[in-house]
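output the structure for:
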Amino acid sequence: MALPGRFCSSTRCWTGGGESISAIGSSSTKRQTGSTATGEGEIPEGVVERIPLLLVGRKERAVTPADVTVVVPTLDEREGIGKVLDDLKQEGFDNILVIDGYSRDGTVDIAKSKGAEVLQQQGTGKAGALATALAEVQTPYVLVMDGDGTYRAADAHRLLAHAIDHDLVIGGRTNGTENIPFVNRIGNWLISKAFKLLFGTAITDVLSGMYLLRTQKIREVQLTSTSFDVEVEIACAMAANGEITQVPISYQKRLGKQKLRTRDGTRILSTLFWMANYFNPVLLYGVITSLAAIPAAGILLWVLYQRFVVGVWHSGYALFGVMLFLLASQAAAVSLVSLLIKRSEQRLFRQL
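Next up is the predicted model:
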């Protein structure tokens, strides 16, 4: 006969009166013995054993530097590349792949002297460097890191800690933001806000130059970017069809000449717009249409002013303003529904 209640020894707990139970963690088991004794180490007949979390555990092992290939895109980075490679080696990263964009300042020689594998990139810009690296990488994860000394190799371990559950882990620059040029800081803020609005993902540093990718997942993405907008394209693809997160990291003063130009901000915004058009067009055009609320408010305020101050009633303008306001309201509602559906899809994706 099954024994009701809960029984505990110094190492285990059991519950009686049930056929199955959800154990702490991800699995459970039911064991019975022919004995009715309840001594230490014995399970009473008809009770279910709860396996402690430490006994169940997670099957996935932690991601280590041996599982990662560090990809360092370079173009005339002689001031910083040596320090970057030394720091990576010190942190246990031995799989280092430097993708050089045909530097003319001795960057390649410095990288080779540090023991790194160096490849000349195909294509142009940072996107070309990443595409070249993905054709060579043999590890399950790829860590992309700029070669200008702005990122700390020690922070890479923070990204590795979340690699199992995510396809993209971005290093969000929360410490040392004063080292980011002001114009780029404003552009990054605007782009990150637009990214959150379009994809419903709370990423505050879409343009970070340090991020960890699951190799298999990024190879499924057909990159079309040709410049620094590759980070935006990757983040959009992972937010739409994968798991993405962000961890805080530090940002140091750049060693060498600044590569990102002001006009690249316009290019990144353009890429963000077209990627949103591809991954979530309903939300994008719903947001654009909802902007009709701005002229609608202006028209209606003007009509009210004319009616109560001047004493003239403009029925045509009033009707037009109301129609615009209704259009904006409906577009906003459609955008909200689209966002909720997208988040539901993401939750379903996680469960599968």
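
neighbouring contacts of the helix or strand hosting residue 246?
Assigned by DSSP states H and E, residue 246 falls within strand 244-250. By CB atoms under 8 Å, 6 or more residues apart in numbering, the residues outside strand 244-250 that reach it are 151-152, 155, 158-159, 161-162, 165-176, 201-205, 208, 210, 235, 238. Backbone N, C-alpha and C define where each C-beta goes, glycine included.

biggest helix in the protein by residues?
For the chain, the helix with the greatest residue count under DSSP state H is helix 315-351.

so this structure: which segments form each domain?
The record's domain parsing of the chain by automatic domain parsing lists 1-59, 65-279, 282-351.

now render those domains as a markdown table, adding mean pLDDT and mean neighbour count.
As requested, these are exported to a markdown table (pLDDT from 0 to 100; neighbours: other CB atoms under 10 Å):
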| stretch | mean pLDDT | mean neighbour count |
| --- | --- | --- |
| domain 1-59 | 41 | 13 |
| domain 65-279 | 89 | 19 |
| domain 282-351 | 90 | 14 |
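
list the residues that contact residue 258.
So residue 258 contacts residue 181 (CB under 8 Å, 6+ apart).

just say helix, strand or coil for it.
coil (DSSP: H, G, I helix; E, B strand; the rest coil).

helix or strand right after the helix or strand that residue 110 is a member of?
Per DSSP H and E, residue 110 falls inside helix 107-113. As assigned by DSSP H and E, the chain's next helix or strand after helix 107-113 is strand 117-120.

one step back: give me the distance from the helix holding residue 110 to the chain's centre.
Here the centre of helix 107-113 is set off from its chain's centre by 32 Å, with CA atoms, centre = their mean, to the nearest Å.

list the contacts for residue 185?
So residue 185 contacts residue 177 (CB under 8 Å, 6+ apart).

ok, it to residue 205 distance?
Using CB to CB, to the nearest Å, we find residue 185 at a distance of 10 Å from residue 205.

again, but for residue 86
On the measure of CB to CB, residue 86 and residue 205 end up 25 Å apart.

ok, residue 69 touching residue 99?
No. Between residue 69 and residue 99 there is no contact under CB atoms under 8 Å: 11.0 Å.

joint contacts of the two?
Contacts common to residue 69 and residue 99, judged by CB under 8 Å, 6+ apart, are residue 133.

my guess is residue 204 contacts residue 192. True?
Yes. Using CB under 8 Å, residue 204 is in contact with residue 192, at 5.2 Å.

where along the stretch 51-200 of the chain do the strands fall?
For the stretch 51-200 of the chain, the strands defined by DSSP state E, counting those that start in this stretch cover 68-74, 96-100, 117-120, 141-145, 168-175.

the first one pairs with which strands?
Sheet pairing here is set by DSSP bridges, and for strand 68-74 it gives strand 96-100 (parallel), strand 141-145 (parallel).

perfect, that will be all.
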